Structure formats: C-alpha cells, structure tokens
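Visitor: dropping the sequence and predicted coords here.
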Amino acid sequence: MAEHDVIFDAMGSHVRLLIGEPGPGMAPAPAAAEAARRLIVEFDAALSRFKPESELCAFNEDPRERVPASELLRGAVTAGLRAAERSGGLVDPTLVGEIESAGYVASRAGVPGAPLGAALEEAPERRPARPNPAQGWRGFRVDDAAGTISRPPGLRFDSGGTGKGLAADLVAERLRGYSRYIVDCGGDIRIGGADALVTPYEVFVEHPLTGERAFVLKLGSGAVATSGLNVRIWRDESGRYAHHLLDPATGEPAWTGLVGATALGDTAVEAETFAKAALLSGPEGGRDVLAERGGLLVHDDGQVETVGPLAAKPRVRIPDLSSRG
Amino acid sequence: MTERARAARRPGPALVLWSSIAIFAVLFALLTYQLASSQPPAPRPVVVHKVLKRRVVTTYVPTPGRTSVSTSGSVAGESASPGYAPVTTSAS
C-alpha cells in the first residue's frame, strides 16, 4: 500500500498532504496531490490579506456596499461568520485595523517569533478575552444566489482566523474516496479515508513553550487544530510584546493565562474555531469550549491539561483478541 | 348452565392424554426430519491475513528561491521511505 507525501509552502505555513490509494476511477495519488496543491496556492492568492492583488484586498478596498465575489471568497466569509457565531463573537473576522495597529501588517512567514517566555514575564494581567459588543461581523451578508457579499463600506474581513482550516476542508472534500489521507495546512489538520479508521494516524501536539511533543493523538477521522502564541509574536513600536490573537473587546493582544490550545472537531474550520475560542477564553472558559469534543490547554507555566474526551480514562479494559488463534 | 352441563363439556382424560401424545409425536417427527436433512456444520473459515506494508513516497515541493521547504532541512526531491515523518499540529 503506497502513500504519497507532499510538503510545500503556502498561506505563510508549511502544508502537507498524505494521500493513500485512489478509489475506482480516481486519479493516482500524485496527481491528486498536485491538484490539491494548485487549489491551495489559488486559495492563498485569492484570500491573503498580505497580497495587494488578492480578491480579499480588492473586496476590503471596494467602496460599494454590495460587492460581486467569487465562490471562494463567499465561502471564506461564510466560514468566518460561522466561526464568529459559534464562538459568541470571540473569533472575530473583522479585526483587520486592530491587527495592523498591533504591528501585523505584512506576512510573518519565516520570521522567527519573539521569545514567548520573556513575553509572558512582561505581559499584563491575565484575563479572558471578550467579544466586541458592537458585533460588527453581523454586518456581513453573503448572497450565494446573486454571487455577492454586502457589508457597510469600510468594514474589512480577515480570513486569517479560519483560512487554513477552510483550505484543509476544501482539499479533504476532493480526497474523498482515497483509502486514507491527511491534509495539514500549517497545523490545522483534516483526516479521512476508510483505511484511516482501521489504522489511525498519529498526530503529535507541539508544546508552544518547549517545542517538544506535548501529547500524541490517534485520529482516524475528523480534524484537529492548534492555536498558540509562540509563532506570530513580536515587539510593537513601543517595545511591548504583541501577538496575533486579539481580544475583540479591546483590539489588543489577549493574555489569558493560556499559551496554546488544541481542539478536535468534525472539520478543520470547526477545530480551528474551537482552538482559538478556547485560548481566548482562558483556562476556565477554555475547558468549557473543549468539553464536548476534547482538546488540550497549555497554561502559561507550561502545564498541559487534557480536556473532555481526551481527559477521560477508559473504564473497561478490552482484551486484545488479535493474537489469539 | 348447570353443574352437570359443565362437566359434560369438559374433555375426558383419555382425550387429553392421546392429544398430548399426538402433538408430541408430530413435533418429534418434524424435528427429527429437520435434523436429518440439515447440512453438516461448515468448517470454520480460514481468515487470510493480508499483510500490507505501507510505503510512503515523500516529495518536497520547493518554494521558488529556496532549496528546501521541509522543517528537517531535506533538499527538494523525491524519496521512498518505509514510514513517514510525524504529523504535527502546532500554532502557525
């Protein structure tokens, strides 16, 4: 049984595809991987906030209230709005001005992050993030029949909160029918295939403070995503540490007592939403966010806490019958 | 209805006895016939375990201007390996 493994850069991250045997009439794995790579590159070109020629930038600059939009952009905005809805406004896709003010104007791909440990020492008092009461994201209207998006002119959209998860989900839809597959868009991972249910993949969760393995998940289907402060972190113009996960209520980087959160979900967008919402909610709220599907919280002191189904100990020991004749 | 009429409607002991014997005999004959005509138990199927060895072909697609995109520093190219590098979820 052969499995094709492709690694490339896109969306400011490493992307990895592992594709097993094709189903009847399906393209061989290398061809499917190349088609998936092209899709992700096109996705990135259309939806990057850092590429002035992208459709997203053109949309954000468009003075009209109702703007014609591609299926891809409509899908991205819909995913962003759903994430906002599911997280009660914590994963807010409209904080473009705020993230730029915090110093995140250009892509930070390949730029080493500032030391997280030092940032934590200087960080302000920890408190959970809160949604912006104005809920500006509710001003977006996606009309798939008309192929348009409406919003108050000047209200900008950022695909950063759900973009990688959405890309992973779109590719995963196209890989249905392959015996097994992984789509890993910068740590937002979607898994599928009948064979993966029998022989699950092992997914390592990276510790945001040490870079070491914090946990190992065995996944045969669904998705997992991680949100953390360790990668996109920098010093702003005033010398303060800043990062890309903002408190929607203040527009400032959120210091909640957590440095990382990993979440399981049915789709990568769902997992990414849960992970971000958990991290922004802080330890107490994060446990609630992850309680149903399961996940991990990494506290400021480095402690790793498993939550929900991941924390549950098996009550019945099932004997291994496979070795019996 | 009088007591005498009720007693007259009750089946006699001989009828009950012979009816029971008849029903038993019919059921016994039926079961014997079924047993005789049924196939001998099939032998336990032999399960053939097919050992599938997973082979992973890894391809690093280089970014223009860079020789490698892999975190492990491998150069661009293609290689066959018995397993695959671990899949890791981390902040990005």
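Guide: Thanks, I have it.

Visitor: which one is A:T256 nearest to, not counting chain neighbours?
Guide: A:G282 (3.7 Å; C-beta to C-beta, 6 or more residues apart in numbering or on different chains). C-betas here are computed from N, CA, C, even on glycine.

Visitor: oops, could you answer that again for A:K218 instead?
Guide: A:P200 (4.4 Å).

Visitor: contacting residues around that neighbour?
Guide: Contacts for A:P200 (C-beta atoms under 8 Å, 6 or more residues apart in numbering or on different chains) come out as A:I191, A:K218, A:L219, A:G220.

Visitor: which of these ranks first by neighbour count?
Guide: A:I191 (26 neighbours; other C-beta atoms under 10 Å in any protein chain shown).

Visitor: list the contacts for it?
Guide: A:Y181, A:I182, A:V183, A:P200, A:Y201, A:V203, A:L219, A:G220, A:S221, A:G222, A:A223, A:V224.

Visitor: among those, which are in helices?
Guide: Using DSSP state H to define helices, no part of the contacts of A:I191 is located there.

Visitor: so where's chain B uncertain?
Guide: B:1-3, B:7, B:39-84 (pLDDT under 70).

Visitor: okay if I get the contacts of A:I191 as CSV plus pLDDT?
Guide: Listed next are the contacts of A:I191 as CSV, based on pLDDT from 0 to 100:
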residue, pLDDT
A:Y181, 96
A:I182, 96
A:V183, 96
A:P200, 92
A:Y201, 92
A:V203, 94
A:L219, 94
A:G220, 93
A:S221, 95
A:G222, 96
A:A223, 97
A:V224, 96
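
Visitor: if we can go back for a sec, which SSE is the residue nearest to A:T256 in?
Guide: Counting by DSSP states H and E, the element that carries A:G282 is helix A:268-290.

Visitor: send the alpha carbons of that helix over as CSV?
Guide: Output in CSV follows, covering the C-alpha atoms of helix A:268-290 (Å, rounded to 0.1, in the frame of the first residue of the first chain):
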residue,chain,number,x,y,z
ALA,A,268,-10.8,21.8,10.3
VAL,A,269,-12.7,25.0,10.4
GLU,A,270,-14.6,23.8,13.5
ALA,A,271,-11.4,22.6,15.2
GLU,A,272,-9.7,25.9,14.4
THR,A,273,-12.6,27.9,15.8
PHE,A,274,-12.7,25.8,19.0
ALA,A,275,-8.9,26.1,19.4
LYS,A,276,-8.9,29.9,19.1
ALA,A,277,-12.0,30.3,21.2
ALA,A,278,-10.5,28.2,23.9
LEU,A,279,-7.3,30.1,24.0
LEU,A,280,-9.1,33.4,24.0
SER,A,281,-11.4,32.2,26.8
GLY,A,282,-8.6,31.5,29.3
PRO,A,283,-8.3,28.4,31.4
GLU,A,284,-11.8,28.3,32.8
GLY,A,285,-13.7,29.2,29.7
GLY,A,286,-11.4,27.1,27.6
ARG,A,287,-12.4,24.0,29.5
ASP,A,288,-16.0,24.7,28.6
VAL,A,289,-15.2,25.3,24.9
LEU,A,290,-13.3,22.0,24.6
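
Visitor: avg pLDDT for it?
Guide: Across helix A:268-290, pLDDT averages out at 97.

Visitor: point out the other helices and strands that that helix packs with.
Guide: Contact analysis of helix A:268-290 by 3 or more C-beta pairs under 8 Å, 6 or more residues apart in numbering or on different chains; DSSP states H and E lists helix A:71-86, helix A:163-174, strand A:188-192, strand A:222-228, strand A:258-265, strand A:295-299, strand A:304-307 as its packing neighbours.

Visitor: got the angle for the fourth one vs strand A:188-192?
Guide: Put plainly, it is strand A:222-228. In terms of direction (axes from the mean of the first three to the mean of the last three C-alpha atoms, to 10 degrees), strand A:222-228 departs from strand A:188-192 by 170 degrees.

Visitor: which SSE is immediately downstream of strand A:222-228?
Guide: Next element after strand A:222-228 (DSSP H and E): strand A:233-235.

Visitor: right, is that next one up against chain B?
Guide: No - using C-beta under 8 Å from any C-beta of the partner chain, we find that strand A:233-235 stays clear of chain B, coming within 9.5 Å at best.

Visitor: which residues touch the residue nearest to A:T256?
Guide: By C-beta under 8 Å, 6+ apart, the contact list for A:G282 reads A:R126, A:R127, A:P128, A:A129, A:T256, A:G257, A:L258.

Visitor: change it to 6 Å
Guide: By C-beta atoms under 6 Å, 6 or more residues apart in numbering or on different chains, the contact set of A:G282 is A:P128, A:T256, A:G257.

Visitor: quick check: the first one vs A:G154, distance?
Guide: Between A:P128 and A:G154 the computed distance is 29 Å (C-beta to C-beta, to the nearest Å).

Visitor: and the two? which has more neighbours close in?
Guide: The neighbour comparison of A:P128 against A:G154 (other C-beta under 10 Å) goes to A:P128, with 18 against 9.

Visitor: so what does the more buried one look like in phi/psi?
Guide: Dihedral angles of A:P128 (phi, psi; degrees, to the nearest 10) stand at phi -60, psi 150.

Visitor: could you double-check that it sits in contact with A:L280?
Guide: No - counting by C-beta atoms under 6 Å, A:P128 does not reach A:L280; the two are 7.2 Å apart.

Visitor: ok, the residue in the stretch 51-200 of chain A positioned nearest to chain B to A:E202 distance?
Guide: Taking C-beta to the nearest C-beta, chain B has its nearest neighbour within the stretch 51-200 of chain A at A:G186, 3.3 Å off. From A:G186 across to A:E202, the span is 19 Å (C-beta to C-beta).

Visitor: what of A:S221?
Guide: Look at A:S221 and A:E202: by C-beta to C-beta, they are 14 Å apart.

Visitor: which one of those two has more residues nearby?
Guide: Neighbours per residue (other C-beta under 10 Å) separate A:S221 from A:E202, with A:S221 holding more: 15 against 11.

Visitor: which ones are touching the more buried one?
Guide: Counting by C-beta under 6 Å, 6+ apart, the residues that A:S221 touches are A:I191, A:G192.

Visitor: with A:D144 instead?
Guide: A:D144 neighbours (C-beta under 6 Å, 6+ apart): A:R74.

Visitor: and the longest helix for chain B?
Guide: What stands out as the longest helix in chain B, according to DSSP H, is helix B:13-37.

Visitor: just checking, what packs against it?
Guide: The contact analysis (3 or more C-beta pairs under 6 Å, 6 or more residues apart in numbering or on different chains; DSSP states H and E) places helix B:13-37 against no helix or strand.
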